[in-house]
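> kindly return the folded structure for what I paste below:
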Amino acid sequence: MPVELAPGLHRWTAAHPAWEPGAEPDSPGDWPEQVGCVAYEAQDALVLVDPLVADWTWLDALVERHGQPVVVLTTMRFHGRSRAKVAERYGARLVTHTAAPPAGVARIPIEHGDESMVWLEAPRALVPGDRLIGDDGDPPALRICPESWLGYLPGPPGHDALRDGLRPLLDLPVELVLVSHGAPVLRDGAAAIRAALA
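Got it, this is the predicted structure:
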């Protein structure tokens with residue numbers, strides 16, 4: 001079931017069907033089975049970011065209650081998840097990383113990262129795909145993804161290049177960082193981003 005983190009901002013996790021146990025630490029397959037997903041009740045749309053849906057009951061109710069068109073944003077090409085099923089079930093619009101998102105929502109392209117993060121202005125929430133992940137401490141923190149996750153890119157870029165691509169995030173007044181992998185940061189996200197890039 002989703003948790004409402006701020007008015008109209010919901011996060012839930014679901015077990016990813018492609019997850020396999022026993023991955024080598026920091027290898028491309030080293031990520032938690034549960035992945036994070038976001039629903040945001042924007043003024044003119046219900047925005048779903050990287051949705052993976054196992055139980056449709058609560059989402060059906062949210063779609064009906066909000067009453068606005070459903071829009072799906074994907075942070076990375078690998079995060080197809082339940083995108084096609086959402087489009088079929090709700091007549092959702094699949095918005096590419098180059099198309100304009102709904103009002104109150106922005107895209108943050110990550111140079112060298114093959115990713116377009118989602119910025120939700122009113123709740124000051126950043127939704128990364130794979131380039132920033134949860135570092136499950138207490139309190140939760142952030143870290144840059146393992147370099148092995150970049151191995152498919154030309155070059156491939158290392159952490160230094162990825163840090164450069166992530167630096168525009170330092171200009172955002174981020175409060176929450178709703179990561180796909182690991183625990184989310186629910187306060188002072190800007191400081192957590194600074195620490196991850198240090």
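
> contacts and neighbour counts: CA atoms only from here.
Noted.

> tell me the SS of Leu170?
Here Leu170 is recorded as helix under DSSP: H, G, I helix; E, B strand; the rest coil.

> pretty sure it sits against Ala196.
No - counting by C-alpha atoms under 8 Å, Leu170 does not reach Ala196; the two are 10.8 Å apart.

> give me the more crowded residue out of these two.
When Leu170 and Ala196 are compared for neighbours, Ala196 comes out ahead with 17 against 14, by other C-alpha atoms under 10 Å.

> surely the more buried one is within a helix?
Yes - per three-state DSSP, Ala196 lies within a helix segment.

> okay, how far is it across stretch 34-49, tip to tip?
15 Å (C-alpha to C-alpha, to the nearest Å).

> now do stretch 76-86
Terminal-residue distance, stretch 76-86 (C-alpha to C-alpha): 17 Å.

> what comes up buried for that stretch?
Using 16 or more other C-alpha atoms under 10 Å as the test for burial, stretch 76-86 gives Met76, His79, Arg81, Arg83, Val86.

> all helices of this protein, in order?
Per DSSP state H, the chain carries helices over the ranges 57-66, 83-90, 159-166, 189-197.

> to Pro51, which of the ones you listed lies closest?
helix 83-90 (6.4 Å; C-alpha to C-alpha).

> between that closest one and helix 57-66, how big is the angle?
Interaxial angle, helix 83-90 versus helix 57-66 (axes from the mean of the first three to the mean of the last three C-alpha atoms, to 10 degrees): 50 degrees.

> contact partners of helix 83-90?
With C-alpha atoms under 8 Å, 6 or more residues apart in numbering as the test, helix 83-90 has contacts from Asp50, Pro51, Leu52, Val70, Val72, Ala92, Arg93, Leu94.
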